[in-house]
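structure, please.
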Amino acid sequence: MKRQRTYRLVLGKGPKSVRLPAHAKRKTLQARPAKPKIDATTTIRALKATPNSRAIIARIPSLVRADLWFPTATFTVCRKTGTATWLDIWDCDHFDGFTDMQKCLADCRVWFSANGYTYWDSPQTKTGRINCYFKAPTPGNYVCNVQLQSYAGAAQVECLIDSFNYGPLPFNGLINQPHPMSLSAGYHSFRIRQMTGSFFFNSLTVWKT
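Below is the predicted model of the structure:
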């Protein structure tokens, strides 16, 4: 049996900014003040608990200074705040009475299924995708904290900031996983790709550190 690789903290780096493809213009609403789904202190604890955090903190001491953190954007199924611009969700699953659309909005989360439910004609796909498109007001160091919850066992996703891939992220139950990154001013995409297992997407919170 192949041993599962431990998730390690790394510093992601986005390009100058994300350029939209042709014919991809979308009207956007005015940004509202960010109201974090999770506080900075809790995020810092999760960051410190991730392997390789000491090396990253040594490079960026502000990562453990909650008083220096500034909320930039939040993404949930039921609302976006701050500079959160688009929340794109692909191939999520609607199982009536469990994760139907009304319940997802009431719980402010969305479900991505995997194995099982074949009696109800589930294709058992693992193609769930989430795209959180936000604006970094100024260049500098940021942290994107993703809050996920696996369902009926372990799950695994991979997270990206623009074209930088943080690698496989395994979890079982609720997880708060910070992703530190160095970004230029402008728009960036934080993406989540389903790999194995089923899970809920609860939130993404972006902080300037």
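
can we go C-alpha only for contacts and neighbour counts from here?
Will do.

what are the boundaries of the strands in this protein?
Secondary structure of the chain (DSSP state E): strands at 12-13, 70-75, 80-82, 84-90, 110-112, 129-136, 140-161, 164-171, 174-183, 186-208.

any stretches of the protein with poor pLDDT?
Across the chain, the ranges flagged by pLDDT under 70 are 1-5, 15-36.

quick one on the thing from earlier: need the strands of the chain in TSV with distance to Thr99 and mean neighbour count, can you?
Below are the strands of the chain laid out as TSV (distance: least, CA to CA, whole Å; neighbours: other CA atoms under 10 Å):
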stretch	distance to Thr99	mean neighbour count
strand 12-13	33	20
strand 70-75	19	24
strand 80-82	20	22
strand 84-90	15	18
strand 110-112	7	24
strand 129-136	17	21
strand 140-161	12	20
strand 164-171	20	17
strand 174-183	17	21
strand 186-208	10	23
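
how near is the closest residue to Cys144 other than its chain neighbours to Tyr151?
Distances taken as CA to CA, 6 or more residues apart in numbering put Val206 closest to Cys144, at 4.5 Å, once the chain neighbours are dropped. From Val206 across to Tyr151, the span is 25 Å (CA to CA, to the nearest Å).

next one: Phe190
From Phe190 over to Tyr151 the distance is 22 Å, taken as CA to CA.

thinking again about what came up before, and of the strands of the chain, who's closest to Ser62?
Using CA to CA as the criterion, the shortest distance between Ser62 and these is 8.9 Å, found for strand 140-161.

next, the angle from that closest one to strand 174-183.
Interaxial angle of strand 140-161 relative to strand 174-183 (axes from the mean of the first three to the mean of the last three CA atoms, to 10 degrees): 120 degrees.

how far out from the middle of the chain is strand 140-161?
Relative to the centre of its chain, strand 140-161 is centred 5 Å away, using CA atoms, centre = their mean, to the nearest Å.

what sits closest to the residue nearest to the spatial centre of the chain if chain neighbours are left out?
The centroid of the chain falls nearest to Val146 when counting by CA atoms, centre = their mean (3.8 Å). Nearest residue to Val146, sequence neighbours excluded (CA to CA, 6+ apart): Leu204, at 4.5 Å.

Asn172 too?
Nearest residue to Asn172, sequence neighbours excluded (CA to CA, 6+ apart): Ala154, at 4.3 Å.

who touches the one you found in this structure?
Pro170, Phe171, Asn172, Gly173, Gly197, Ser198 (CA atoms under 8 Å, 6 or more residues apart in numbering).

what residues are bridge-paired with the last one?
This points to Ser198. Beta-bridge pairing for Ser198 (DSSP bridges): Tyr151.

isn't it up against Ser150?
Yes - if you go by CA atoms under 8 Å, Ser198 and Ser150 touch, sitting 5.9 Å apart.

cool, thanks, talk later.
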